[in-house]
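Novice: one predicted model, sequence on top.
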Amino acid sequence: MTARVLRALSHPLVHAMGHPTARMFGSRPPAALDLKRVIARAAERGVALEINAQPHRMDLSDTNARRAGRAASRS
């Protein structure tokens, strides 16, 4: 799954990625992604990652949201 997401993030028409982990509490676990690599590619390409704080979604944890913010500021 990581390879597919990295390839999508590299497409020139992609500017944002919604629901990066696709997690839904009680019905779907998070996708098996290497989030460090996904965050790095998104930062490198200037792609926004959605932070969805709905209680049943919460796609990026606080740790990964901070990691994405730091990566974006370095790019």
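Specialist: Ah, there it is.
Novice: only C-alpha atoms for contact and neighbour calcs from this point on.
Specialist: Will do.
Novice: what ranges of this protein fall below the confidence cut-off?
Specialist: For the chain, applying pLDDT under 70 flags the ranges 53, 56-58.
Novice: in space, what's closest to Ile51 - neighbours in sequence excluded?
Specialist: Distance criterion CA to CA, 6 or more residues apart in numbering; nearest residue to Ile51, sequence neighbours excluded, is Leu60 at 5.7 Å.
Novice: run a quick neighbour tally on the closest residue to Leu9 other than its chain neighbours.
Specialist: Nearest residue to Leu9, sequence neighbours excluded (CA to CA, 6+ apart): Ala42, at 6.3 Å. Close neighbours of Ala42, defined as other CA atoms under 10 Å, add up to 26.
Novice: could you do Glu50 as well?
Specialist: Glu50, neighbours per other CA under 10 Å, totals 16.
Novice: tell me the contacts of the residue nearest to Leu9?
Specialist: Neighbour list for Ala42: 9, 48-49, 72 [criterion: CA atoms under 8 Å, 6 or more residues apart in numbering].
Novice: cool, Pro55 as well?
Specialist: So Pro55 contacts Phe25 (CA under 8 Å, 6+ apart).
Novice: how near is it to Arg23?
Specialist: Distance of Pro55 to Arg23, given as CA to CA, to the nearest Å: 11 Å.
Novice: ok, back up a step: would you agree the residue nearest to Leu9 falls within a helix?
Specialist: Yes: counting by DSSP: H, G, I helix; E, B strand; the rest coil, Ala42 falls inside a helix.
Novice: once you drop chain neighbours, what's closest to the spatially most central residue of the chain?
Specialist: Computing the C-alpha centroid of the chain and ranking residues by CA atoms, centre = their mean puts Pro20 first, at 3.8 Å. Leaving aside its chain neighbours, Pro20 sits nearest to Asp59 (6.1 Å; criterion: CA to CA, 6+ apart).
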